[in-house]
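Visitor: Sharing a model that was predicted from the sequence below.
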Amino acid sequence: MEHLDFAIELAREAGGVLKHYMNREKHIEFKGRANLVTVADRESEAVIIRRIRERYPSHAILAEESGASSGSDAKWIIDPLDGTTNFAHQYPFFCVSIGFEQSGRLLCGAVYDPWRDEMFSAGRGIGAFVNGERIHVSEAVKLSDALIMTGFPYGVREKMEAVLEQFRAFLFESQGVRRGGSAALDLCYMAHGRVDGFWEVDLHPWDTAAGVVILEEAGGRVTDFSGGPFSVYGKQIVASNGRIHDEMMAVLANLK
Ligand code: IPD
Ligand code: CA
Ligand code: CA
């Protein structure tokens, strides 16, 4: 699959940029009170965009740091560094995420963790992989046996009560809750069966585009909080191995 192979190639190249800067001066700037951007975010994104422009000049691009540029109905959705706060603190849980959408449908994606050299990838109908090996979601059937991941939006201070309510409810009902700091990797860890469920609010298309294809191809389920279809342009995500999905939605429904 041409676009998938290209996404993998780009993610690996951009991952090299992140690894290069991991133990070096990162020139941290602030986009908001706790929303950082570093030289590595910018360089990684520049490499990816340059290569897409060379290879597919007519394609549209949606990238976190430089925004949207229009083109054909083929669109690359890019997070050049997902997990910037982790990265800035030398906490090794971050990645590059590249998704490819055609006519509004996510077709393939690659998420690369340069620290562990793990390349997660998937294409519609061909399955999900880590470093070329097929991966599948976990078999947990009960929320009480499940390990759940989540994240907190940068605007958490404006919705502290709602976010903590959700956190409290899942902490109570599950076996444990983790806050990884990279939504794209959270989704891939679920695809790999390392965790069983994930929920978050206010993510952006670049956080989820690649990870959602990878999770679905690994057998997972992704919806909004009420079980409606998930959109990368929406504000809610509940993702799971499928088996605990209804229980997760019930937890969220009870909070409303
Ligand atoms: C963030 C990470 C984090 C999530 C935040 C995202 P960034 O992306 O995915 O896990 O909780 O909501 O914004 O800023 O590191 O690319
Ligand atoms: Ca992100
Ligand atoms: Ca980012």
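Guide: Nice, I can see it. Ligands and ions are numbered 1, 2, ... in the order given.
Visitor: Strands of the stretch 101-250 of the chain, residue ranges please.
Guide: 105-113, 118-123, 127-130, 133-134, 147-150, 176-179, 197-201, 221-223, 236-240 (DSSP state E, counting those that start in this stretch).
Visitor: now the angle between strand 118-123 and the longest helix out of those in the chain, please.
Guide: Among the elements of the chain assigned as helix by DSSP state H, the one spanning the most residues is helix 2-22. Relative orientation of helix 2-22 with respect to strand 118-123: 160 degrees, computed using axes from the mean of the first three to the mean of the last three C-alpha atoms, to 10 degrees.
Visitor: thinking again about what came up before, so which of the strands of the stretch 101-250 of the chain gets nearest residue 7?
Guide: The closest approach between residue 7 and any of the strands of the stretch 101-250 of the chain, judged by C-beta to C-beta, belongs to strand 105-113 at 4.0 Å. C-beta: built from backbone N, CA, C; applies to glycine.
Visitor: now the strands of the stretch 101-250 of the chain as a markdown table including mean pLDDT and distance to residue 53?
Guide: Conversion of the strands of the stretch 101-250 of the chain to a markdown table gives the following (pLDDT from 0 to 100; distance: least, C-beta to C-beta, whole Å):
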| stretch | mean pLDDT | distance to residue 53 |
| --- | --- | --- |
| strand 105-113 | 98 | 18 |
| strand 118-123 | 98 | 22 |
| strand 127-130 | 98 | 27 |
| strand 133-134 | 98 | 32 |
| strand 147-150 | 98 | 34 |
| strand 176-179 | 98 | 36 |
| strand 197-201 | 97 | 31 |
| strand 221-223 | 98 | 30 |
| strand 236-240 | 97 | 30 |
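Visitor: closest to ligand 1 out of the ones you listed?
Guide: Of all the strands of the stretch 101-250 of the chain, strand 197-201 sits nearest to ligand 1, with 6.0 Å by C-beta to the nearest ligand atom.
Visitor: Point out where the stretch 101-250 of the chain drops to low pLDDT.
Guide: Counting by pLDDT under 70, the stretch 101-250 of the chain contains no low-confidence segment.
Visitor: Which single residue of it approaches ligand 3 most closely?
Guide: Among the residues of the stretch 101-250 of the chain, residue 206 lies nearest to ligand 3; the distance is 6.8 Å by C-beta to the ion.
Visitor: I'd like the distance between the closest residue to that residue other than its chain neighbours and residue 249.
Guide: Taking C-beta to C-beta, 6 or more residues apart in numbering as the measure, residue 206 lies nearest to residue 79, with 3.8 Å between them; neighbours along the chain are not counted. Using C-beta to C-beta, to the nearest Å, residue 79 is found at 26 Å from residue 249.
Visitor: What average pLDDT does the longest helix of the chain get?
Guide: The average pLDDT within helix 2-22 is 96.
Visitor: Output the contacting helices and strands for it.
Guide: Identification of packing neighbours for helix 2-22 by 3 or more C-beta pairs under 8 Å, 6 or more residues apart in numbering; DSSP states H and E yields helix 39-55, strand 74-82, strand 95-102, strand 105-113, strand 118-123.
Visitor: buried stuff in the fourth one?
Guide: By that I understand strand 105-113. Of the residues in strand 105-113, those buried under the neighbour-count criterion (16 or more other C-beta atoms under 10 Å) are 106-113.
Visitor: Could you list which of those residues also contact ligand 3?
Guide: Residues of the buried residues of strand 105-113 in contact with ligand 3 (C-beta under 5 Å from the ion): none.
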